[in-house]
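Novice: sharing a model that was predicted from the sequence below.
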Amino acid sequence: MKVIPLIPERVPVVSSHSISEQQQLRQTAQAAHEHTQPLLLQNLEKLSKDELIAGYRQEMSAKNKAYYFILESGLINQFYAFCFQQSDNK
């Protein structure tokens with residue numbers, strides 16, 4: 001597998017999936033997000049302060065676990081490239 005250097009350039013994401021598979025996975029994730037986001041936002045209004053704080057802590061923990069996985073797996077360059085690709089698509 002090719003390693004992408006950690007430099008501030010637009011570089012392609014290295015993946016075991018083909019480009020069409022990557023696009024399909026991205027579209028599926030986006031559709032799921034668009035479907036669930038309004039429901040999540042509606043439910044936020046019903047939560048107590050303690051429930052909101054607990055949910056925030058759970059989300060922060062999940063993101064930290066994902067970051068640690070990326071770092072420990074040696075995927076930081078691919079993650080870096082992915083972030084640039086995501087910002088280009090907005």
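Specialist: That came through fine.
Novice: just the helices from this protein, written as ranges.
Specialist: Secondary structure of the chain, counting by DSSP state H: helices at 19-44, 49-72, 76-88.
Novice: adding mean neighbour count and mean pLDDT, write those out as JSON lines.
Specialist: Every C-beta, even on glycine, is put in place using the N, C-alpha and C of the backbone. Converted to JSON lines, the helices of the chain look like this (neighbours: other C-beta atoms under 10 Å; pLDDT from 0 to 100):
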{"stretch": "helix 19-44", "mean neighbour count": "10", "mean pLDDT": "78"}
{"stretch": "helix 49-72", "mean neighbour count": "11", "mean pLDDT": "91"}
{"stretch": "helix 76-88", "mean neighbour count": "15", "mean pLDDT": "79"}
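Novice: for the residue lying farthest from the centre of the chain, phi and psi?
Specialist: Relative to the mean C-alpha coordinate of the chain, counting by C-alpha atoms, centre = their mean, the farthest residue is Ser48 (27.0 Å). Note on Ser48: its backbone torsions stand at phi -80, psi 170 [degrees, to the nearest 10].
Novice: how is this protein divided into domains?
Specialist: 17-46, 49-90 (automatic domain parsing).
Novice: gap between the first one and the chain center?
Specialist: Domain 17-46 has its C-alpha centroid displaced from the chain centroid by 11 Å (C-alpha atoms, centre = their mean, to the nearest Å).
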